[in-house]
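S.K.: next comes the sequence, and after it the predicted model I'd like to discuss.
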Amino acid sequence: MKTVTATKHIFTLIGDNDLFTSELTAEQVSEGVQIIRLRITSPEPAVPPVYTLKWEHPVWDIQNFWHPAIDRARGLKADWMRKLRSNAASSAPVISLFNLSGYNRLTFAFSDALNTVSYAAGIHEESAWFHCHVELFTETTPPLSSYEACLLVDTRGVAYYESLRDVQSWYAQMPEYRPAYVPPAALSPMYSTWYSMHQNVTADAIEMQCRQAKELGMEAVIVDDGWQTSDNRRGYAYTGDWEVCLEKFADMKQHVDRVHELGMKFLLWYSVAHVGKHSKAWSRFQDKLLRFIESHGAGILDPRYPEVREHIITKYRLAVEEWGLDGFKLDFIDTFYSKDAPVPEPAAGMDYSSVPAAVDRLLTDSIARLREIKPDIMVEFRQPYIGPAMRKYGNLFRASDCPNDAVQNRLRTIDIRLLCGNTAAHADMIMWNTDEPVESAALQLTHILFSVPQVSVQLEKLTAPHAAMLRFWLSFYKEHRDVLLGGELAPEHPELNYPVVRAAKGQKTVIVTYHDKLIPIREVRKGSELILVNGRLENGVYAEFPANHPPAQAAVRLVNCCGETIHEYVLEVNAGVHLIDIPASGVALVTVE
């Protein structure tokens, strides 16, 4: 057992045995921020015991809890409840505890975002203190002789999102997690075939959608599952060969060229880990699997074999060289990992014993070879594999599937934004019923404004109002994405599902309210541009200016959800509350004169 005292905590590391010994040190890097470093060594390679780094923190002025995979379970946890788990393909070892005003009280992050880590911050009921810990080597671990990592601890009284922004910067500065280049195209609205077509994709159908998508403001298409098989039953039994289904795509190169001629980029879906039992590759790889998933009709390839990795990488390389792809949607990376299934013992022919290390090698080599061909290649990953380790391979992080659920899409995209830095955060594919009121359909767009839109509806079936609505919101996103994606993001009240989200850059501020009718406005100066979005189905928003706000005049333009100006007037801006009659799912463009 090793112990070290930092400013506010005593940290204890437990786990040493006859072979492994440890060192623990503390360093204060700035006011309120400490780094706890641990080093574990053995005189010879061996399987390490479970190590636990633990400390306590008082429950003083803490009402809120956040971690990257929190979704809607946002309540405080007791110390006997389920531990969190992270690795490269699932979340990140980060927790933030803060108060109802959004001020940080304790944020911590562990540097190992590649291997499986268990972690928690749970309330000990007898003492009203948080019992915090990070556990290492809780799952099958290959032999090692040394291991180093560190824990960042932040107790500054700053906004929780500022603390998390500093956490992502901390990760990004580590050479092993240096983020991938994000090309401008990754920030453009895209059309996805998944919800609108599922596996029933054809070249003609995609090109028809792309012609309309481009006219509406989309700049790329993501062709999802189905291009590689004539089987449309949504299984994975035919994955692994990654050859074009000629019944659907007579000539993939010509198809991609035709999409390019429309002025759109082309991304193609692959399931990274699967090899289907009906594929030609099955006979080659059926003995090189981590496991077989009956419900998928496919096995999970074992990336510890170099020929498995080379097979996967070659398929991607040939697709770019022969078809001219602009990017990939790489799916099911999380299936390489399983906490419930044992990892097969290392066998002859493997050059890695660690699955996480082999996955890292697979993705590192894949991206390196693709960038040799196309430096601005786009790679999409989806939740939950959106942590700092994945930023070095992928430049698009998408919210996990939540069809037609605008609120869930909002939560997931904002959660991604809090740790993804400049990696392009994408919404889950947007869909809606084409017969519903246009103001209701518009919620699918307003609720994901702080991420890149992906649209997945049959565009030819849209009514004129729905098409106008979609065109307006995509143009709104593109006009203001410098702030929406590049501004300082301030999502308020995570415990209430982010009812108000702000972003500001220079003189421009965008505020979207999803629940609150009264929106506090910070100081605006002459020349400031204030954009208020009513992401609700009720008309009217009250803007409350601070008590010390000097009198001013502002030009106000009210726009409905289809982009039509419905009223323009001059507002006498004084301290206090002003009713701005923004229509449901509409916008107020306010310019201070």
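M.R.: Received, thanks.
S.K.: other SSEs contacting the strand ranked longest in the chain?
M.R.: For the chain, the longest strand by residue count, based on DSSP state E, is strand 33-46. Counting contacts by 3 or more CB pairs under 8 Å, 6 or more residues apart in numbering; DSSP states H and E, strand 33-46 is packed against strand 21-30, strand 51-58, strand 144-154. Using the backbone N, CA and C atoms, a C-beta is placed for each residue, glycine as well.
S.K.: now with 6 Å, please.
M.R.: strand 21-30, strand 144-154 (3 or more CB pairs under 6 Å, 6 or more residues apart in numbering; DSSP states H and E).
S.K.: what lines up beside the shortest one in the sheet?
M.R.: Note on strand 21-30: by DSSP bridges, its sheet partners are strand 33-46 (antiparallel).
S.K.: what comes up buried for the partner strand?
M.R.: Neighbour counts using 16 or more other CB atoms under 10 Å place 33, 34, 35, 36, 38, 39, 40, 42 of strand 33-46 among the buried residues.
S.K.: of those residues, which is the nearest to residue 357?
M.R.: Ranked by distance to residue 357 (CB to CB), the buried residues of strand 33-46 are led by residue 40 at 16.8 Å.
S.K.: ok, that closest one - contacts?
M.R.: 20, 22, 147 (CB atoms under 6 Å, 6 or more residues apart in numbering).
S.K.: could you dump those to CSV with pLDDT and distance to residue 458?
M.R.: Shown next, in CSV, are the contacts of residue 40 (pLDDT from 0 to 100; distance: CB to CB, whole Å):
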residue, pLDDT, distance to residue 458
20, 97, 59
22, 97, 59
147, 98, 52
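S.K.: which one (most neighbours) among those?
M.R.: Counting neighbours by other CB atoms under 10 Å, residue 20 leads these with 21 neighbours.
S.K.: residues contacting it?
M.R.: By CB under 6 Å, 6+ apart, the contact list for residue 20 reads 40, 42, 48.
S.K.: same check, this time on residue 381
M.R.: If you count contacts by CB under 6 Å, 6+ apart, residue 381 has them with 390, 394, 397.
S.K.: repeat that for residue 398.
M.R.: Counting by CB under 6 Å, 6+ apart, residue 398 touches 380, 382, 426.
S.K.: among those residues, which one has the most neighbours?
M.R.: Neighbour counts for the contacts of residue 398, by other CB under 10 Å, peak at residue 426, which reaches 26 neighbours.
S.K.: for that residue, report the pLDDT, please.
M.R.: pLDDT recorded at residue 426 is 98.
S.K.: how about the nearest residue to it, chain neighbours excluded?
M.R.: With CB to CB, 6 or more residues apart in numbering as the measure, residue 398 is the residue that lies nearest to residue 426, at 4.1 Å, once sequence neighbours are left out.
S.K.: same thing with residue 396?
M.R.: Using CB to CB, 6+ apart, the nearest residue to residue 396 is residue 380, at 3.9 Å.
S.K.: for residue 238, same thing?
M.R.: In this structure, residue 238 finds its nearest non-sequential neighbour in residue 229, 3.9 Å apart by CB to CB, 6+ apart.
S.K.: do the same with residue 375
M.R.: Nearest to residue 375 is residue 181, by CB to CB, 6+ apart, at 7.5 Å.
S.K.: I'd guessed residue 461 sits against residue 434; true?
M.R.: Yes. Using CB atoms under 6 Å, residue 461 is in contact with residue 434, at 5.3 Å.
S.K.: burial count for the spatially closest residue to residue 576 that is not a sequence neighbour?
M.R.: Spatial nearest neighbour of residue 576, excluding adjacent residues (CB to CB, 6+ apart): residue 545 at 6.4 Å. Residue 545: 19 surrounding residues under other CB under 10 Å.
S.K.: in this structure residue 545 contacts residue 575, no?
M.R.: Yes. Residue 545 is within contact range of residue 575, at 5.5 Å (criterion: CB under 6 Å).
S.K.: so what's residue 192 scoring on pLDDT?
M.R.: pLDDT, residue 192: 98.
S.K.: please report how far it lies from residue 221.
M.R.: 8 Å (CB to CB, to the nearest Å).
S.K.: more neighbours: those two, which one.
M.R.: Under the neighbour definition other CB under 10 Å, residue 192 and residue 221 were set side by side, and residue 192 has more, 30 against 25.
S.K.: re earlier: tell me how far the residue nearest to residue 238 lies from residue 441.
M.R.: Distance, residue 229 to residue 441, using CB to CB: 32 Å.
S.K.: which one of those two is surrounded by more residues?
M.R.: residue 441 (27 against 23).
S.K.: just the pLDDT for the more buried one.
M.R.: Looking at residue 441, the pLDDT reads 98.
S.K.: for the one 3 residues further on, same thing?
M.R.: Model confidence at residue 444, expressed as pLDDT, equals 98.
S.K.: same question for the host helix or strand of residue 121, mean pLDDT?
M.R.: According to DSSP states H and E, residue 121 maps onto strand 117-124. Strand 117-124 carries an average pLDDT of 98.
S.K.: that strand packs against which elements?
M.R.: Counting by 3+ CB pairs under 6 Å, 6+ apart, strand 117-124 packs on strand 84-86, strand 129-136.
S.K.: chain center to that strand, what's the gap?
M.R.: Counting by CA atoms, centre = their mean, to the nearest Å, strand 117-124 is centred 23 Å from the centre of its parent chain.
S.K.: same check, this time on stretch 289-304
M.R.: So, by CA atoms, centre = their mean, the centroid of stretch 289-304 is 25 Å from its chain's centroid.
S.K.: and for stretch 291-309?
M.R.: Distance of stretch 291-309 from its chain centroid, counting by CA atoms, centre = their mean, is 25 Å.
S.K.: gap between the two ends of that stretch?
M.R.: End-to-end distance of stretch 291-309 (CA to CA, to the nearest Å): 16 Å.
S.K.: pLDDT of stretch 559-567, averaged?
M.R.: Confidence for stretch 559-567, expressed as mean pLDDT, is 98.
S.K.: helix or strand next in line after the longest helix along the chain, which one?
M.R.: Looking across the chain with DSSP state H, the single longest helix is helix 464-484. Downstream of helix 464-484, the first helix or strand assigned by DSSP H and E is strand 488-492.
S.K.: sort out which residues of that next one are buried, please.
M.R.: Neighbour counts over strand 488-492 (16+ other CB under 10 Å) mark 489, 490, 491, 492 as buried.
S.K.: can you put those in JSON lines and add pLDDT?
M.R.: Shown next, in JSON lines, are these (pLDDT from 0 to 100):
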{"residue": "489", "pLDDT": "98"}
{"residue": "490", "pLDDT": "98"}
{"residue": "491", "pLDDT": "98"}
{"residue": "492", "pLDDT": "97"}
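S.K.: which residues touch the longest helix of the chain?
M.R.: In contact with helix 464-484 (CB under 6 Å, 6+ apart) are residues 189, 216-217, 438, 441-442, 445, 449-450, 503, 505, 508, 510, 561-563.
S.K.: ChimeraX command to pick out the buried ones of those?
M.R.: What follows is the ChimeraX syntax for the buried subset of the contacts of helix 464-484, where burial is set by 16+ other CB under 10 Å:
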select :189,216,217,438,441,442,445,449,450,503,510,561,562
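S.K.: could you dump the strand holding residue 121 to CSV, C-alpha only?
M.R.: The C-alpha atoms that make up strand 117-124 are tabulated as CSV, following Å, rounded to 0.1, in the frame of the first residue of the first chain:
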residue,chain,number,x,y,z
VAL,A,117,-10.5,0.9,-16.3
SER,A,118,-13.2,0.6,-13.6
TYR,A,119,-13.9,3.9,-11.7
ALA,A,120,-16.5,5.4,-9.5
ALA,A,121,-17.4,8.3,-7.2
GLY,A,122,-20.2,7.1,-4.8
ILE,A,123,-21.6,8.5,-1.7
HIS,A,124,-20.7,6.6,1.5
